[in-house]
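> Test case, fold it:
(one chain, ligands or ions: 1)
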Amino acid sequence: MAYLLWNGELPTKEQLAEFAARERAGRALDPVVKQVIDALPVTSHPMDVCRTAASVMGARHPLAEDSSREANMAKAVDLFAAMPAVVAYDQRRRHGQELVEPRDDLGYSANFLWMAFGEEQVPEVVEAFNVSMILYAEHSFNASTFTARVITSTLSDLHSAVTGAIGALKGPLHGGANEAVMHTFDEIGIRQEESLEEAAARAKAWMEDALAKKKKVMGFGHRVYKHGDSRVPTMKAALDKMIAHYGRPELLGLYNGLETAMDEAKAIKPNLDYPAGPTYHLMGFDTPTFTPLFVASRITGWTAHIMEQLDSNSLIRPLSEYNGVEERHLP
Ligand code: COA
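Predicted structure coming up:
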């Protein structure tokens, strides 16, 4: 998927082998980036850690001031290869755990999970994680991609654009929604002993109350998809497999209850963040780490847009309509 986004075409077997070797060679966490992460409080949001790490990687990149296509491609691959180490290590340090070194005998997703948990995961879990990474990789002119485009259009550098994009993604109306979904589940209360039906009934009641209070419920609705997000069925199938794998039907109950109540009341459909949140929860990721997982994947889409923007650049500068007083006089 990363190769396709950057090159506009799927790789041949040889190209894939070369590309995978390049990605595997760039997985280690730069010791200086690690030092910077260690200097940040464990109370800081993991998205702030990601944003800071991207910025430090940019300042330290040997091609920092080179924005040629070749240099940008190298920077994009470097960011893509190293971001899992940032996300995984940041989650670990919050639990007082050491960095886990990457393994170059594992694929991207298997290695990501290895670095996060220090244990190899079974193929079903790796596959579900991989599905989420593919679905998150690219999504046209969403807010963070547009942010990256605007920054690039000033002829600033790739890492500045990615750093800004991470800031935009953090918000709960955008990528932060996958984290917010889990907060909703927590607010309703996850009761492992509960049956699917009992959990669904409580979730439905919670949603009816939330909508009566005119609350916005994260993980539902989309600026573009007004009749359902085309990525949801694929991610929901991955979530179903994880629910079966971990034996957690009550989570499906909460999921179904919220979805049904929202559909009945407002016909608003879930977006990708809705099934992604509980999937990451089941895998063992801390809730604030969910949006950084999105970052690690979206690096590919953002940087593809950055390179495309530079290929035929024009400064992005919208006009605004002034509606203040016509003229002021000094007293
Ligand atoms: N919960 C409750 N009501 C919602 C809603 C949600 N998640 N999303 C939309 N609505 C309601 C709005 O309140 C509005 O109701 P009203 O007409 O009674 O005022 C109506 O649906 C139309 O919504 P609107 O705000 O015009 O849609 P939008 O295109 O501006 O918003 C989002 C799109 C994504 C910003 C919005 O759906 C939202 O905030 N969703 C939650 C955040 C989220 O999951 N983001 C991830 C997106 S991938």
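> who does the longest helix belonging to the chain touch, helix- and strand-wise?
Assignment by DSSP state H gives helix 69-94 as the longest helix of the chain. Packing partners of helix 69-94 (3 or more CB pairs under 8 Å, 6 or more residues apart in numbering; DSSP states H and E): helix 2-7, helix 13-25, helix 31-39, helix 46-60, helix 108-117, helix 158-170, helix 290-311. (Each C-beta comes from the backbone N, C-alpha and C, glycine too.)
> for that helix, what is the average pLDDT?
In this model, helix 69-94 has an average pLDDT of 98.
> about what we covered before: could you export the helices and strands packed on helix 69-94 as CSV, including distance to residue 274, mean pLDDT and mean neighbour count?
As requested, the helices and strands packed on helix 69-94 are arranged in CSV below (distance: least, CB to CB, whole Å; pLDDT from 0 to 100; neighbours: other CB atoms under 10 Å):
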stretch, distance to residue 274, mean pLDDT, mean neighbour count
helix 2-7, 24, 98, 18
helix 13-25, 29, 98, 13
helix 31-39, 30, 98, 14
helix 46-60, 19, 98, 21
helix 108-117, 21, 98, 22
helix 158-170, 17, 98, 25
helix 290-311, 12, 98, 24
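> And these: which comes nearest residue 99?
For residue 99, the closest of the helices and strands packed on helix 69-94 is helix 31-39, at 6.7 Å, according to CB to CB.
> Between helix 69-94 and that closest one, find me the angle.
Angle, helix 31-39 to helix 69-94, by axes from the mean of the first three to the mean of the last three CA atoms, to 10 degrees: 40 degrees.
> Residue numbers of the stretch 201-331 of the chain in contact with the ligand?
Neighbours of the ligand within the stretch 201-331 of the chain, by CB under 6 Å from any ligand atom: 216, 217, 218, 219, 220, 221, 222, 223, 268, 271, 273.
> The last one reaches residue 218, doesn't it?
Yes. Applying CB atoms under 8 Å as the test, residue 273 and residue 218 come out as touching, 7.1 Å apart.
> Off-centre distance for the longest helix of the chain?
13 Å (CA atoms, centre = their mean, to the nearest Å).
> for that helix, which positions count as buried?
71-72, 74-94 (16 or more other CB atoms under 10 Å).
> Tell me, how many residues neighbour the residue in the chain that the ligand sits nearest to?
Taking CB to the nearest ligand atom, the ligand has its nearest neighbour within the chain at residue 221, 2.2 Å off. For residue 221, the count of nearby residues is 18 (other CB atoms under 10 Å).
> OK, contacts around it?
For residue 221, the contacting residues are 268, 269, 271, by CB atoms under 8 Å, 6 or more residues apart in numbering.
> Does residue 290 touch residue 279 like I think?
No. Using CB under 8 Å, residue 290 is not in contact with residue 279, being 9.4 Å away.
> what residues are shared contacts of these two?
With the criterion set as CB under 8 Å, 6+ apart, the contacts of residue 290 and residue 279 do not overlap.
> on that earlier part again, what's the angle between the longest helix of the chain and helix 46-60?
Using the same axes, to 10 degrees: helix 69-94 against helix 46-60 is 140 degrees.
> Once you drop chain neighbours, what's closest to the residue positioned nearest the centre of the chain?
Against the mean C-alpha coordinate of the chain, by CA atoms, centre = their mean, the closest residue is residue 294 at 1.1 Å. Of all residues not flanking residue 294 in the chain, residue 175 sits nearest, at 4.6 Å (CB to CB, 6 or more residues apart in numbering).
> what does residue 276 give?
residue 178 (4.9 Å).
> per-residue pLDDT, that neighbour?
Taking residue 178 on its own, its pLDDT is 94.
> wait, is it part of a helix?
Yes. Membership of residue 178 in a helix is supported by DSSP: H, G, I helix; E, B strand; the rest coil.
> The residue nearest to the centre of the chain: what's it in contact with?
Contacts for residue 294 (CB under 8 Å, 6+ apart) come out as 136, 169, 175, 178, 276.
> same question, residue 72
For residue 72, counting by CB under 8 Å, 6+ apart, the contacting residues are 158, 303, 306, 307, 310.
> you'd agree residue 109 is up against residue 133?
Yes. Assessed by CB under 8 Å, residue 109 is found in contact with residue 133 at 5.9 Å.
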